[in-house]
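Q: Sequence first, predicted coordinates after that:
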Amino acid sequence: MSKPTPAPAPQLSVVILAAGEGKRMKSRLPKVLQPLAGRPLLAHVLDTAGALSPASIRIVYGHGGEQVRAAFSDATLSWVRQAEQLGTGHALQQAVPEIPDADTVLVLYGDVPLLRAETLERLTAIAGAGELALLTMEPEHPAGYGRIVRDPAGTVARIVEQKDASAEELRIGECNTGILAAPAGRLKAWLASLRNDNAQREYYLTDVIGLAVRSGVTVTPVRLADPIEALGVNDKEQLAQLEALCRRNAARSLMREGVTIVDPARLDVRGKVTHGQDVCIDVNVVLEGRVRLGDRVRIGPGCVIRDSRIGDDTELFAHCVLDGATIGAGARIGPYSRIRPTTELADGVHIGNFVEVKNSLLGAESKANHLSYVGDAEVGAHVNIGAGTIIANYDGANKHRTHIGDKAHTGSNSVLVAPITVGEGATIAAGSTVTREVPAGKLTIARARQTTIEGWRRPVKPKKK
């Protein structure tokens, strides 16, 4: 006699409701693609959902759907279109048919980006035991939120939306966040029973709470200690408020880890920052993408660092821009320097004011201290790039490489026309424009002989009558 096939173990299925148009944003960009800390709102929600290791993530999309799908091409996501915007209950109805009845469903929103995975784990644990878990909060200003109505015994009985609430119900301080978790089979039955006889003529997901109570299922509220976690975004003002919260949270996290931040309110972290010990960051600094800061790195005011690695004991002076760069130990950069993608600066390199370096390698202890451009070049060690030196690497169609040997010097206001090789220990005289190979260990001069024209007079404009 064969043994019965065991029921599949319950898994977590996440549904993210992201179909709202977001009219109050007054933008052609869908609301869930509005940027927060340098990334779309929906990206933050997906990161949190992914931290729960769900079996599936379904995104219900509508307005601007193709833009949203194009921004998130991860093949592990499932996309569900809500053709008509008939409410949150209707949106969830579109997503649940393919979810196994044994699963736990967690409902999130594409415009609620600050939720923590630890909070959601509490909800899913309750739902995994067969109950409906509901995330609630007590905001300082509850206007606009649905209220949690409890029976005389203090048990959750239902949720009433703001527009449908009585004067007495509007005095309730406990509010619905919209975030819930429930067993999939039961949730499907409740969704099938939703009605739209309300002020908005919509199918409210909140009505599921009353249906669960009437069916004898326990509704367990999980109250947030900090309502900020459940804040959503409906307009640009709220988006700016959340941006400020992200700045605050990121700065606090870095300071707890030992980073010195001169003014936490004036640091923008728009990505992931890793760091060593005794790092110091001055005011108005922006860190984007993946940034790695070594021990004792000092970042001056007004710097922007994107997808870059900075070695131990390196200092960035004021108003530098680094993008896709790798900086060695003990380097000095700036002020007002720009280091562009695929640039690598070795240990002890000095890049000074108004110097731009792009797609180049600079060897140890080399210097370009003033008003220079180094592009598509391989520069050896102990090279001195004189003030005003330009590497002319672009002919209008192609980029050409320049090779500069160790201990070479370029005089002020030199132009090196690529492709070109400058030998080891070579010196290029100030004001030279070199177009051919510069021999090692020699002085090369490439400029017209100075001439004075006797009797020459500068033209004079006629006086106005």
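A: Nice, thanks for sending it over.
Q: Quick check: end-to-end length of stretch 11-24?
A: Terminal residues of stretch 11-24 lie 37 Å apart, using C-alpha to C-alpha, to the nearest Å.
Q: Can you give me the buried ones in that stretch?
A: By 16 or more other C-beta atoms under 10 Å, the buried positions in stretch 11-24 come out as 11-20, 22. From N, CA and C alone the C-beta is placed, and that goes for glycine too.
Q: Turn those residues into TSV, including pLDDT.
A: Output for these, formatted as TSV (pLDDT from 0 to 100):
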residue	pLDDT
Gln11	93
Leu12	97
Ser13	97
Val14	98
Val15	98
Ile16	97
Leu17	96
Ala18	94
Ala19	90
Gly20	83
Gly22	83
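Q: secondary structure class for Val269?
A: strand (DSSP: H, G, I helix; E, B strand; the rest coil).
Q: Could you tell me how many residues sit around the nearest residue to it once chain neighbours are set aside?
A: Closest residue in space to Val269, ignoring its immediate chain neighbours: Ala250 at 3.7 Å, by C-beta to C-beta, 6 or more residues apart in numbering. The tally of other residues near Ala250 (other C-beta atoms under 10 Å) stands at 21.
Q: Can you name the next helix or strand after the helix or strand hosting Ala250?
A: Using DSSP states H and E, Ala250 maps to helix 236-256. Going down the chain from helix 236-256, the next helix or strand is strand 260-261, by DSSP H and E.
Q: Contacts for that following strand, please.
A: Strand 260-261 is contacted by residues 251, 254-255, 267, 278-281 when judged by C-beta atoms under 8 Å, 6 or more residues apart in numbering.
Q: what about 7 Å?
A: With contact meaning C-beta atoms under 7 Å, 6 or more residues apart in numbering, strand 260-261 is reached by 251, 254-255, 267, 279-281.
Q: How about stretch 404-415?
A: By C-beta under 7 Å, 6+ apart, the residues outside stretch 404-415 that reach it are 363, 377, 379-390, 392, 422-433, 440.
Q: Kindly recompute the last result at 8 Å.
A: Contact partners of stretch 404-415, identified using C-beta under 8 Å, 6+ apart, comprise 363, 377-390, 392, 416, 421-434, 438, 440.
Q: cool, stretch 338-356 as well?
A: With C-beta under 8 Å, 6+ apart, stretch 338-356 has contacts from 308, 311, 320-337, 357-375, 381.
Q: among those residues, which ones are buried?
A: For those, buried by 16+ other C-beta under 10 Å: 308, 311, 320-337, 357-369, 371-375, 381.
Q: Restricted to strands, list these.
A: 321-323, 325-327, 332-333, 357-358, 361-362, 367-369, 373-375 (DSSP state E).
Q: Quick one: find the helix or strand in this protein with the lowest mean pLDDT.
A: One helix or strand of the chain scores below all others by mean pLDDT, DSSP states H and E: helix 65-71, with a mean of 89.
Q: immediately after it, which helix or strand?
A: Next element after helix 65-71 (DSSP H and E): strand 77-81.
Q: for that following strand, packing partners?
A: When contacts are defined as 3 or more C-beta pairs under 8 Å, 6 or more residues apart in numbering; DSSP states H and E, strand 77-81 sits against strand 56-61, helix 65-71, helix 88-95.
Q: would you turn those into TSV with distance to Gly411 and mean neighbour count?
A: As requested, the helices and strands packed on strand 77-81 are exported to TSV (distance: least, C-beta to C-beta, whole Å; neighbours: other C-beta atoms under 10 Å):
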stretch	distance to Gly411	mean neighbour count
strand 56-61	60	23
helix 65-71	50	15
helix 88-95	68	23
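Q: Would you mind giving these as JSON lines with distance to Pro341 added?
A: Below are the helices and strands packed on strand 77-81 laid out as JSON lines (distance: least, C-beta to C-beta, whole Å):
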{"stretch": "strand 56-61", "distance to Pro341": "32"}
{"stretch": "helix 65-71", "distance to Pro341": "22"}
{"stretch": "helix 88-95", "distance to Pro341": "40"}
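Q: So which of these is nearest Ala182?
A: Ala182 sits nearest to helix 88-95 of all these, at 10.3 Å, using C-beta to C-beta.
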